[in-house]
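Trainee: give me a 3D structure for the following:
(chains A and B)
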Amino acid sequence: MNAVSQLGVIVLVSLAAAGATWLVKGPPSEPAFVCDPAQLTEGEICLADVSGNVLWVDARTRSEWKRNGLEGAILWNLDPKEDENAMEAGVAMGIAGGAELVVVYCGSEACGTSKQIANRIRGLGFGTPVKTLHGGWDALKGLGRNPLTNSSSGP
Amino acid sequence: MNALTLAFFLLGIIPGVAALEFETPSIEAKADLSDKVVTRDFKFRNNGKEAVKITQADAGCSCLAVQVGGGKFSYAPGESGVLRATFELGSFQGTVEKKINIWLEGDPEEKPSTTLTMSVLIPVIIKLEPKSLKWQVGGPAEAKVIDIGMDYSKLIHVTSVATSNDLFTAKLITVEEGKHYQVEVTPQKGTDSAGLAIIRIETDVDVAKQRVQQGFAVISKPLKKTK
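Mentor: A predicted model of the protein is given here:
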């Protein structure tokens, strides 16, 4: 048996074993997002460090916000079809309502919208700390609509 | 095909040798005030050894349409093409940056092959400084001022100023007609309790999306120190 044939046999046996495992144990579960504090960039926060009276700001699309946005989260994205004044006012009222921390999340770690929105919120000049959630929605997946016990209520 | 390549192939983990290379993966565009859309082309070439097929291009926003030039999705090695991004400006001002994710055939859903960036600078012609006026609960209920500066080729007049509730009064002061105004805001009921009002400033600018501006007046408790 030459090398190619041997490799073929090894691969077939491996595939059979993998298939059997899949059938018995099911597909692999999606790994939970792990926030490494060493990888935080300026203005980011790990979900584990979010506490207190938090105002969540959802920087995803309106349809995503409606579908599974966090409880109390206010929509503010960069969709020009949205009314920016209304979104800005919503966040201002949320902050004035007593939020001690504003956390902005978007669709994924690669999404840059949350950082832009965070800068716009800082630009309002309320002085409340504004952070972006490291990992974005990836960090919130599967945690329910209220990942904290003490988040602010909203609309 | 050597044994190692065959093994990779059989296991379905053949490395991504086929790849599109973009001339400029990040484009900045300056919009004119009269623009409703801004369009830019991302040119690319298949510099890999395999043919590639674009399966999806998504900016995650209905405001940014992405089209593959000529509706052609498959590219042989050495072949070039264009992705056209069309951004609708809507009511936004300042810089808006959008990411465009490109998936090729075989890419996992969570990991597109390429991410492009399109930044659009939309001129700000009416600037409020500061955007928010703040008082502390129990502090002096003194008047404070929002400065309104115009940066436009025509005169822009402030036509009305209003507050969203009666916690505050707002008075318009003309510093230079059509160029420079101030809004003097006073907490008319004192500062005994927290509250917020939106200061709505209407102008006669001929750019509809920038006609209405807003600032904020807020009475709040001192912020707690955070780490």
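Trainee: now stretch B:207-216: average pLDDT?
Mentor: For stretch B:207-216, the mean pLDDT works out to 91.
Trainee: so how far is it off the chain centroid?
Mentor: 16 Å (Cα atoms, centre = their mean, to the nearest Å).
Trainee: neighbours of the residue in chain A that chain B sits nearest to, how many?
Mentor: Scanning chain A for proximity to chain B using Cβ to the nearest Cβ identifies A:P80 as nearest, at 2.2 Å. No exception for glycine: its C-beta is placed from N, CA and C like everyone else's. Using other Cβ atoms under 10 Å in any protein chain shown, A:P80 has 22 neighbouring residues.
Trainee: that one belongs to a helix?
Mentor: No. Under DSSP: H, G, I helix; E, B strand; the rest coil, A:P80 falls outside any helix and is assigned coil.
Trainee: quick check: it touching B:F92?
Mentor: Yes. Counting by Cβ atoms under 8 Å, A:P80 does reach B:F92; the two are 4.8 Å apart.
Trainee: the chain: helices as residue ranges?
Mentor: If you meant another chain, say so; for now it's chain A. A:3-25, A:62-68, A:84-96, A:113-123, A:137-140 (DSSP state H).
Trainee: switch to chain B, please.
Mentor: Going by DSSP H, chain B shows helices at B:3-11.
Trainee: middle-most residue in it, spatially?
Mentor: B:V96 (2.5 Å; Cα atoms, centre = their mean).
Trainee: show me the domain layout of chain B.
Mentor: When chain B is parsed with automatic domain parsing, its domains come out as B:19-122, B:126-220.
Trainee: could you confirm whether the last one reaches chain A?
Mentor: Yes. Looking at domain B:126-220 against chain A by Cβ under 8 Å from any Cβ of the partner chain, the contacts come from B:130-132, B:134, B:194-196, B:198, B:212, B:214, B:216, B:218, B:220.
Trainee: picking that back up, for the residue of chain A closest to chain B, what are its contacts?
Mentor: B:63, B:87-92, B:96 (Cβ atoms under 8 Å, 6 or more residues apart in numbering or on different chains).
Trainee: closest point of chain B to chain A, which residue?
Mentor: Closest point on chain B to chain A, by Cβ to the nearest Cβ, is B:G90, at 2.2 Å.
Trainee: now for that residue, how many residues are close by?
Mentor: If we define neighbours as other Cβ under 10 Å, then B:G90 has 18 of them.
Trainee: do I have it right that it meets B:K209?
Mentor: Yes. B:G90 is within contact range of B:K209, at 6.9 Å (criterion: Cβ under 8 Å).
Trainee: dump stretch B:101-121 to CSV, restricted to CA.
Mentor: Provided in CSV are the C-alpha atoms of stretch B:101-121 (Å, rounded to 0.1, in the frame of the first residue of the first chain):
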residue,chain,number,x,y,z
ASN,B,101,-17.9,42.3,4.9
ILE,B,102,-17.2,40.2,1.9
TRP,B,103,-17.8,36.4,2.0
LEU,B,104,-16.3,34.1,-0.5
GLU,B,105,-17.5,30.6,-1.2
GLY,B,106,-16.3,28.4,1.7
ASP,B,107,-16.1,31.2,4.2
PRO,B,108,-17.7,30.4,7.6
GLU,B,109,-20.6,32.7,8.3
GLU,B,110,-18.9,34.3,11.3
LYS,B,111,-15.7,35.0,9.4
PRO,B,112,-15.8,36.9,6.1
SER,B,113,-12.7,36.8,3.9
THR,B,114,-12.4,40.6,3.7
THR,B,115,-13.7,43.6,5.6
LEU,B,116,-13.7,47.0,3.7
THR,B,117,-14.2,50.4,5.3
MET,B,118,-16.0,53.3,3.8
SER,B,119,-15.9,56.6,5.7
VAL,B,120,-18.1,59.4,4.7
LEU,B,121,-17.5,63.0,5.9
